[in-house]
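Student: model the structure of this input:
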Amino acid sequence: MQRNLATRLPAWQAAVGQAVLFTLFGFLVGAARSVDRLALFFVFALLLGAFRTATGDIWAGIGFHVAFQTVAQLFGDVGAVFDVVGSDVLGVVAMGAIPFSVSWIVVRHLYRHHLDWRAVAPEPAR
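Tutor: The predicted structure follows:
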């Protein structure tokens with residue numbers, strides 16, 4: 001979806017567009033019905049879109065998504081394998097702010113020469 005958007009829109013608009021669609025999908029399937037879940041889905045999708053823009057492929061986003069979901073299912077508040085007391089703040093910091101920030105800093109650093117938020121991707125040759 002993002003690649004198709006990026007052939008018509010600048011990279012930043014394609015990333016935001018796919019984040020809106022991702023969040024809407026989460027809402028429609030019932031995974032994001034509260035304001036905090038909608039915000040989480042949107043920020044998560046923005047990060048995945050930024051990974052896609054920086055790296056040129058979807059694998060960094062897939063890896064981050066798998067890692068995030070694994071940690072969330074082990075320690076999260078819904079169906080957690082491990083019960084953590086006071087997990088509200090832990091969830092926001094340890095499972096949100098830290099991995100989102102650190103992963104973006106690493107990807108941005110590794111792909112700084114390839115990252116152009118204003119670029120429109122050309123149509124692939126057939």
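
Student: next, residue 119: secondary structure please.
Tutor: coil (DSSP: H, G, I helix; E, B strand; the rest coil).

Student: also residue 49?
Tutor: Quick answer, by three-state DSSP: residue 49 is helix.

Student: cool, and residue 98?
Tutor: Applying three-state DSSP: residue 98 is helix.

Student: and for residue 17?
Tutor: Assignment for residue 17 (three-state DSSP): helix.

Student: secondary structure element for the nearest residue to it once chain neighbours are set aside?
Tutor: Leaving aside its sequence neighbours, residue 17 sits nearest to residue 5 (Cβ to Cβ, 6 or more residues apart in numbering; 4.8 Å). In short, each C-beta sits where N, CA and C put it, glycine included. Assessed by DSSP states H and E, residue 5 sits inside helix 2-6.

Student: buried ones in that helix?
Tutor: Neighbour-count burial for helix 2-6 flags 2, 5-6 (criterion: 16 or more other Cβ atoms under 10 Å).

Student: what's it packed up against?
Tutor: helix 11-28, helix 35-55 (3 or more Cβ pairs under 8 Å, 6 or more residues apart in numbering; DSSP states H and E).

Student: make it 6 Å
Tutor: helix 11-28 (3 or more Cβ pairs under 6 Å, 6 or more residues apart in numbering; DSSP states H and E).

Student: quick one, the helix it packs on and helix 35-55 angle?
Tutor: Put simply, helix 11-28 runs at 140 degrees to helix 35-55, going by axes from the mean of the first three to the mean of the last three Cα atoms, to 10 degrees.

Student: quick check: buried residues in helix 11-28?
Tutor: By neighbour count on 16+ other Cβ under 10 Å, the buried set for helix 11-28 is 11-12, 14-19, 22-23, 26.

Student: for stretch 60-67, same thing?
Tutor: Those buried within stretch 60-67 under the rule 16+ other Cβ under 10 Å are 60-61, 64.

Student: which one of these is nearest residue 109?
Tutor: Lowest distance from residue 109 to the buried residues of stretch 60-67 (Cβ to Cβ) belongs to residue 60, with 12.8 Å.

Student: give the contact list for that closest one.
Tutor: By Cβ atoms under 6 Å, 6 or more residues apart in numbering, the contact set of residue 60 is residue 51.
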